[in-house]
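Visitor: no sequence on this one, just coordinates:
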Ligand SMILES: CC(C)[C@@](O)(CC(=O)O)C(=O)O
């Protein structure tokens, strides 16, 4: 069951997610080593594959670097859930098949380290310690299709294969 890492502050920016000094590579496994470094340098020692980040509003603001998504995905993060996201980060997430889920009240519903259950089909996330279930903004079907394909390029290639 995924563990939730709570970064409660609003406006966590892409430089905190992946500092510019590490933009010397686009290899996810490399970037993963520095995920969230300038917000919580010990995050990478705790995160496990499939874990979830719960964050404050406007997550991913600042620069447009796609490396922010690559670093989180490379670190094994399955989804970020926040009241809302900076638009460029949100679209970078969709284009990379990474889940950025919008959910009001999410920060108050979780403590760091809580276990969670994410139901993408049902559109809910449950804190299995407290039993509280929240509904996130439905993910557009095309975004789910892109996520399933593994990213925008793969999605487009598949489409080409279907004569779209
Ligand atoms: C081009 C890139 C290195 C960028 O300057 C892009 C940007 O600032 O939007 C960044 O700092 O992420």
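Guide: That came through fine. Just so it is clear, the structure is predicted and the values come from calculations on it, not from any experiment. Numbers count the residues shown, from 1 in each chain.
Visitor: The residue lying closest to residue 151 once chain neighbours are set aside: neighbouring residues, count only.
Guide: Counting by C-beta to C-beta, 6 or more residues apart in numbering, residue 151 lies nearest to residue 97, which is 4.3 Å off, once chain neighbours are set aside. For every residue, glycine as well, the C-beta is placed using N, CA and C. Counted with other C-beta atoms under 10 Å, the neighbours of residue 97 add up to 21.
Visitor: how about residue 97, what does it touch?
Guide: 146-152, 154-155 (C-beta atoms under 8 Å, 6 or more residues apart in numbering).
Visitor: Can you select the buried ones among those for me in PyMOL?
Guide: Typed into PyMOL, the line below selects the buried ones among those, using 16 or more other C-beta atoms under 10 Å:
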select buried, resi 146+147+149+151+152+155
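Visitor: List the contacts of the spatially most central residue of the chain.
Guide: In the chain, the residue lying closest to the centroid (C-alpha atoms, centre = their mean) is residue 80, at 3.1 Å. Going by C-beta under 8 Å, 6+ apart, residue 80 touches 52-55, 59-60, 72, 93, 98-101.
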